[in-house]
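**Q** The sequence and its predicted three-dimensional model are supplied below.
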Amino acid sequence: MNIEVQQAALEDKTILRHLMELYANDLSEFDQCDVDAHGLFGYSRLDHYWTEPGRYPFLVRVEGKLAGLVLVRTLDESSHSLTHSIAEFFILRKYRHQGIGRIVAQRIFDMFPGQWSVAQMDSNRPAQVFWGKVISEYAQGDLHEIWLNDEEWKGPIQKFRTRATLVQGSENRA
């Protein structure tokens, strides 16, 4: 099966916006969000992925067909290290339960060597199961999980380091 993870160009923003609507629809089961007066969920930070450093948008294709998206952010959690984070991760239902999400996540982790932090909402049990398996397998059990329950976040966060080493920057992102 041919699975592509390609950094989205500015011309792809409309495609990402449409996929984000499908993702938000799926997520509404867990976050209880409603559509606006125009029937859209919207994603206010999408433009930031082309205007702010440390944000990376990706499209996922399976056999050349659109199958999902990944939004990666780089966080400055301390003055000594940067941490990469999955801001949003979506695979169309048609492509789920085939190992595609696991492959996409592993490729994304390898593209951004170093420290990672991946959070799931407390109410989104399927995401917790998915990320728990994927990260545990990827990190070979070498991860630290914390649970937050505060104003900013409620749910688990897995922290781990990639198995890939930094080799001449990050050419794999494009």
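**A** Nice, I can see it.

**Q** Tell me the helices and strands packed up against the strand or helix carrying Gly68.
**A** Under the criterion of DSSP states H and E, Gly68 resides in strand 65-75. Counting contacts by 3 or more C-beta pairs under 8 Å, 6 or more residues apart in numbering; DSSP states H and E, strand 65-75 packs against helix 13-31, strand 55-62, strand 83-91, helix 100-111. C-beta: built from backbone N, CA, C; applies to glycine.

**Q** Which positions within the worst-scoring helix or strand of the chain on mean pLDDT qualify as buried?
**A** Lowest on mean pLDDT, DSSP states H and E among the helices and strands of the chain sits strand 143-149, with a mean of 87. Neighbour-count burial for strand 143-149, counted by 16 or more other C-beta atoms under 10 Å, picks out Leu143.

**Q** Kindly report the same for stretch 61-75.
**A** Here stretch 61-75 shows 62, 67-74 as buried, counting by 16+ other C-beta under 10 Å.

**Q** Now do it: distance to the chain's middle.
**A** Put simply, stretch 61-75 sits 8 Å off its chain's centre (C-alpha atoms, centre = their mean, to the nearest Å).

**Q** and what of stretch 129-149?
**A** Relative to the chain's own centre, stretch 129-149 is displaced by 14 Å; criterion: C-alpha atoms, centre = their mean.

**Q** Distance across that stretch, terminal residue to terminal residue?
**A** 19 Å (C-alpha to C-alpha, to the nearest Å).

**Q** circling back: describe which strands the least confident helix or strand of the chain pairs with in its sheet and in which direction.
**A** Neighbouring strands of strand 143-149 in its sheet, by DSSP bridges, are strand 154-161 (antiparallel).

**Q** what sits up against the strand it pairs with?
**A** With contact meaning C-beta atoms under 8 Å, 6 or more residues apart in numbering, strand 154-161 is reached by 83, 114-124, 128, 131-132, 135, 138-139, 142-148.
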